[in-house]
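# Build me a structure from this.
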Amino acid sequence: MAVRAPLHLLPLRCSATKEDQSEYRDKSRNARVLVLGGTGRVGGSTAIALSKLRPDLHIIIAGRNREKGASMVATLGGNSGFSEVNIDNVKSLEAALEDVDLVVHTAGPFQQAEKCTVLEAAIHTKTAYVDVCDDTTYAWRAKSFKSRAVAANVPAITTGGIYPGVSNVMAAELVRASRNEGKVEPERLRFYYYTAGSGGAGPTILATSFLLLGEEVIAYNKGEVVKLKPYSGMLNIDFGKGIGKRDVYLLNLPEVRSAHEVLGVPSVSARFGTSPFFWNWGMAAMPTLLPAEFLRDRSKVQELVQLFDPLVRSVDRIAGERVSMRVDLECSDGRTVVGIFSHRRLSLSVGTATAAFAVAILEGSTQPGVWFPEEPEGIAIEAREVLLERAAQGTINFVMNKPPWMVETDPKEVGLGIYV
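I've put the predicted structure just below:
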């Protein structure tokens, strides 16, 4: 099949000045971006955020439902279109990617998916790629295509959403800042996430949550792999203003392994919590009440989603959809630094975050290959600040590299006006 040389395949540099980024931005003007899963909550949010961030982009909504596609195109306006695509059909995917500069893959869930079909099609058609994967196995399978992507001169990022995604970049910046201070080394990295209800992000997020409950949690302690029960190890974490203290539980998330290996932090873990409180109780009970094989079966999980979705939607109207990420880094000199990202609406914030990654790739911040967000080849160090600024649009609280007492709603005083 004949393929074109799209405008995003620019000579990339390990370090890009502001002038370089401006040049890339000019060259990426009027680029064509295909949002796969664009009729869903996450994909639709991403498409809207992209159209606001870069009105010059031509956005193609890709999915199976023409009626929903037409509705989204009407929302986006004239510089958009719809493409009917079957994600399981390679020829359908490759045809859709013709003359496209970037594909944004939001068609989850990614758990228990056996192939990286979209990434393979992107490499074959020489199309830049980013996904919002939140599954460890899928992310590392995607990573295995690195050499093929390099050979095809295709830049690609996996786990490029809000969490994982923005949280990875936050962690990378905390680690970089600590190492820049001299002999200080990072010792423990903890990801804490909170979402009210389902976050208004739809049944796909619900399916993702159920599927994750079927996975044994992998964490790291002083360089050693630790295997733990899903939704165990509850901690009460202060997410700062607008969110407050919330209970969070262990989950098997891809940023744990990638941060451990890429950033070289010996101890890493990730926890997640929701509200109202009874959702946490139910999530904690499911791995005990249901066999792991059941929770790993996508068809059975979809049946569960159909059963619970009406109830979840009803509770969401009361719970809202606030989202918060807190990243804690403990250093060898005894200091702890924190990054916090909080937004009133996950359904908006996830699109803004994903759009920030998409634009970064178009502007030349990503080298050929398949990368995690925290890798400098994925998002160049010089481009991280801009990415975080874009992703943080609309947040109610966004702080980086602060001691815990400066961001918590109830800091602890140890005496003489000293807080920890």
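
# Residue 129 is in contact with residue 154, correct?
Yes - using Cβ atoms under 8 Å, residue 154 is in contact with residue 129, at 6.8 Å. Where you see a C-beta, it was placed from the backbone N, CA and C, and this is true even at glycine.

# Among the two, which residue is more densely surrounded?
residue 129 (30 against 25; other Cβ atoms under 10 Å).

# My assumption is that that one lies in a helix; please confirm.
No - counting by DSSP: H, G, I helix; E, B strand; the rest coil, residue 129 falls outside a helix, being strand.

# for it, which residues make a bridge with it?
residue 103, residue 156 (DSSP bridges).

# Tell me who's in contact with it.
102, 103, 105, 118, 119, 122, 123, 154, 155, 156, 157 (Cβ atoms under 8 Å, 6 or more residues apart in numbering).

# That one and residue 145, how far apart?
In this view, residue 129 and residue 145 are 10 Å apart by Cβ to Cβ, to the nearest Å.

# Common neighbours of these two, please.
With Cβ under 8 Å, 6+ apart, residue 129 and residue 145 have common neighbours 119, 123, 156.

# Report the contact partners of the first one.
For residue 119, the contacting residues are 105, 129, 131, 142, 145, 156, 158, 370, taking Cβ under 8 Å, 6+ apart as the criterion.

# and the fourth one, that one's in a helix?
Spelled out, that is residue 142. Yes - under three-state DSSP, residue 142 sits within a helix.

# measure the spatially closest residue to it that is not a sequence neighbour to residue 150 for me?
In space, and not counting its chain neighbours, residue 142 is closest to residue 158: 4.1 Å by Cβ to Cβ, 6 or more residues apart in numbering. Remark: distance between residue 158 and residue 150 (Cβ to Cβ) = 15 Å.

# the more surrounded of those two?
Per other Cβ under 10 Å, whichever of residue 158 and residue 150 has more neighbours is residue 158, with 30 against 17.

# Would you mind confirming that the more buried one is in contact with residue 374?
No - taking contacts as Cβ under 8 Å, residue 158 lies outside contact range of residue 374: 11.6 Å.

# Show the contacting residues for residue 306.
residue 203.

# Spit out the contact partners of residue 222.
266, 267.

# okay, and for the chain, where does confidence drop off?
Scanning the chain for pLDDT under 70 picks out 1-27, 200-202, 411-420.

# how about the residue nearest to residue 404 when sequence neighbours are not counted, what does it touch?
What sits nearest to residue 404 in space, not counting adjacent residues and going by Cβ to Cβ, 6+ apart, is residue 338, at 5.3 Å. Residues near residue 338 by Cβ under 8 Å, 6+ apart: 326, 327, 328, 329, 399, 401, 402, 403, 404, 407.

# that older thread, hey, what's in contact with both of residue 154 and residue 129?
With Cβ under 8 Å, 6+ apart as the test, residue 154 and residue 129 both reach 122, 123.

# ok so, going back, scan the contacts of residue 129 and report the most crowded one.
residue 156 leads the contacts of residue 129 on contacts (other Cβ under 10 Å) with 33 neighbours.

# surely that one meets residue 128?
Yes - counting by Cβ under 8 Å, residue 156 does reach residue 128; the two are 6.8 Å apart.

# Quickly list what's touching both of these two.
With Cβ under 8 Å, 6+ apart, residue 156 and residue 128 have common neighbours 122, 366.

# Helices of the stretch 201-350 of the chain, start to end?
Taking DSSP state H, counting those that start in this stretch to define them, one finds helices in the stretch 201-350 of the chain at 203-212, 254-263, 277-289, 292-295, 298-319, 346-362.

# Relative to residue 236, which of those is closest?
Proximity to residue 236 (Cβ to Cβ) singles out helix 277-289 among the helices of the stretch 201-350 of the chain, at 11.4 Å.

# what pairs with the residue nearest to residue 404 across the strands?
residue 328, residue 402.

# Over to the one 4 residues further on?
Note on residue 342: beta-bridge partners residue 324, residue 397, judged by DSSP bridges.

# Could you report the separation of it from residue 398?
Residue 342 is 7 Å from residue 398, by Cβ to Cβ.

# The two: who's more crowded?
Between residue 342 and residue 398, residue 342 has the larger neighbour count (other Cβ under 10 Å), namely 22 against 19.

# give me every residue that touches the more buried one.
Here residue 342 is in contact with 239-243, 322-325, 395-398 (Cβ under 8 Å, 6+ apart).

# From those, list the buried ones, please.
239, 240, 243, 322, 323, 324, 325, 395, 397, 398 (16 or more other Cβ atoms under 10 Å).

# May I ask which two of the residues you listed are separated the most?
Within those (distances taken as Cβ to Cβ), the two that end up farthest apart are 322 and 398, at 13.9 Å.
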